[in-house]
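**Q** Sequence and computational prediction follow.
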Amino acid sequence: MDERYRSVAIDAARRAGTLLRSEAGKHPQISFKGSPTNLVTHMDRRAEALIIEAIYAEFPTDAILSEERGTVGGPSSRRWIVDPLDGTTNYAHGVPVFCVSVALEVDGQTRLGVAYDPNLDECFLAERGRGAWLGGERLAVSETPTLGESLLATGFPYSIREITRNNLAEFGAFSRRCQGVRRMGSAVLYFCYVAAGRLDGYWELRLGPWDVAAGALMVEEAGGRVTNLDGGPLDRERPAVVASNGRIHDEMLRVLKEVEAG
Ligand code: IPD
Ligand code: CA
Ligand code: CA
């Protein structure tokens with residue numbers, strides 16, 4: 001991948017993350033996207049504007065899919081996929097667990113992913129075929145061999161109050177079978193933590209393309225496995241996801257199947 005793409009993605013993610021951190025805890029203006037649990041703040045939009053401007057300054061004919069603005073620009077063989085603030089609910093409440101995600105797809109394949117956590121100043125980078133990195137350190141998934149020895153993470157859909165398949169049954173089933181299930185509130189950080197071997201696995205039933213684009217590449221480039229809930233390829237436009245170190249993947253899929261069967 002051309003060095004320019006990498007530096008634009010890293011620079012935009014870092015600048016947006018630094019902006020978010022500088023305003024964190026200052027009671028952002030909150031509005032709601034269709035449900036009382038689906039929040040957006042004025043800082044999501046400020047971070048998003050900064051990233052879109054940074055991409056367009058260098059690549060004015062590219063397409064961008066960004067969570068709050070939708071598709072802008074294009075059509076183009078290059079599409080940037082942006083989550084300007086992953087962890088909005090944390091941010092709105094002043095919890096310092098959130099990050100920025102920027103990915104680049106070329107001809108429908110993710111080639112580059114950057115996730116920046118401004119609270120820990122951790123910048124995760126993945127490039128297809130060239131590994132996943134945290135600073136100068138190459139990332140590798142954990143070697144945990146069984147679900148019983150694993151630490152997992154998950155998240156719940158914003159429609160949790162309305163739908164029946166809301167992940168609570170799955171949460172219970174996994175909680176009884178592993179060492180713990182964490183619920184930190186940032187899908188992108190879960191992927192990065194699986195890539196870094198901090199978590200052994202992560203699943204979630206309803207996500208957006210911006211939640212998975214950079215993170216899924218991160219896990220794959222760190223030697224892990226990413227599938228849909230049946231073990232098939234991800235639907236990257238409406239993803240439901242299982243990401244793991246590979247070793248516990250089939251056990252995770254079996255638990256999901258058992259829960260679905262009732
Ligand atoms: C959300 C977070 C959360 C996950 C949700 C996502 P947002 O993203 O990643 O952890 O459970 O599914 O939508 O709305 O904070 O960008
Ligand atoms: Ca998100
Ligand atoms: Ca977001």
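**A** Received the coordinates, thanks. Ligands and ions are numbered 1, 2, ... in the order given.
**Q** What is the least confident helix or strand in the protein?
**A** The weakest-scoring helix or strand in the chain, judged by mean pLDDT, DSSP states H and E, is strand 39-41 (a mean of 88).
**Q** What's the first helix or strand after it?
**A** Elements were assigned by DSSP states H and E; along the chain past strand 39-41, the next helix or strand is helix 42-58.
**Q** ok, and what's touching the least confident helix or strand of the chain?
**A** Here strand 39-41 makes contact (C-beta atoms under 8 Å, 6 or more residues apart in numbering) with 28-33, 68, 85, 88-89, 91-92. In this view, the C-beta of every residue, glycine as well, is placed from N, C-alpha and C.
**Q** I'd like the distance from it to the chain centre, please.
**A** 17 Å (C-alpha atoms, centre = their mean, to the nearest Å).
**Q** That one close to ligand 3?
**A** No. Strand 39-41 is not in contact with ligand 3 by C-beta under 5 Å from the ion; minimum separation 7.6 Å.
**Q** Would you give the sheet partners of that strand, along with the direction of each?
**A** Strands that pair with strand 39-41, judged by DSSP bridges, come out as strand 30-32 (antiparallel).
**Q** so how far is the partner strand off the chain centroid?
**A** Offset of strand 30-32 from its chain centre (C-alpha atoms, centre = their mean): 21 Å.
**Q** next one: stretch 142-154
**A** How far stretch 142-154 lies from its chain's middle: 19 Å, per C-alpha atoms, centre = their mean.
**Q** From one end of it to the other, what's the distance?
**A** 17 Å (C-alpha to C-alpha, to the nearest Å).
**Q** Quick one: low-confidence residue ranges for this protein.
**A** Applying pLDDT under 70 to the chain flags residues 1.
**Q** Go through it and flag its longest helix.
**A** If each helix of the chain is counted by residues according to DSSP state H, the longest one is helix 3-23.
**Q** Identify all contacting residues around that helix.
**A** Helix 3-23 is contacted by residues 43, 46-48, 50-51, 54-55, 58-59, 80, 84-85, 91, 96, 98-104, 111-112, 114-119, 123, 125, 127 when judged by C-beta under 8 Å, 6+ apart.
**Q** Of those residues, keep whichever come out buried.
**A** 43, 46-48, 50-51, 54-55, 59, 80, 84-85, 91, 98-104, 111-112, 114-119, 123, 125, 127 (16 or more other C-beta atoms under 10 Å).
**Q** What about ligand 3: which of those touch it?
**A** Contacts with ligand 3 within the buried ones among the contacts of helix 3-23, counted by C-beta under 5 Å from the ion: Leu85.
**Q** Name all residues that make contact with the residue in the stretch 101-250 of the chain that ligand 2 sits nearest to.
**A** With C-beta to the ion as the measure, Asp211 is the residue of the stretch 101-250 of the chain nearest to ligand 2, at 4.3 Å. Neighbouring residues of Asp211 by C-beta under 8 Å, 6+ apart: 83, 86, 101, 187-188, 204, 239.
**Q** Okay, and which of those map to helices?
**A** Among the contacts of Asp211, the members falling in helices (DSSP H) are 187-188.
**Q** Derive a PyMOL selection command for the buried subset of the contacts of Asp211.
**A** Here is the PyMOL command that selects the buried residues among those (16+ other C-beta under 10 Å):
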select buried, resi 83+86+101+187+188+204+239
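**Q** Perfect, that will be all.
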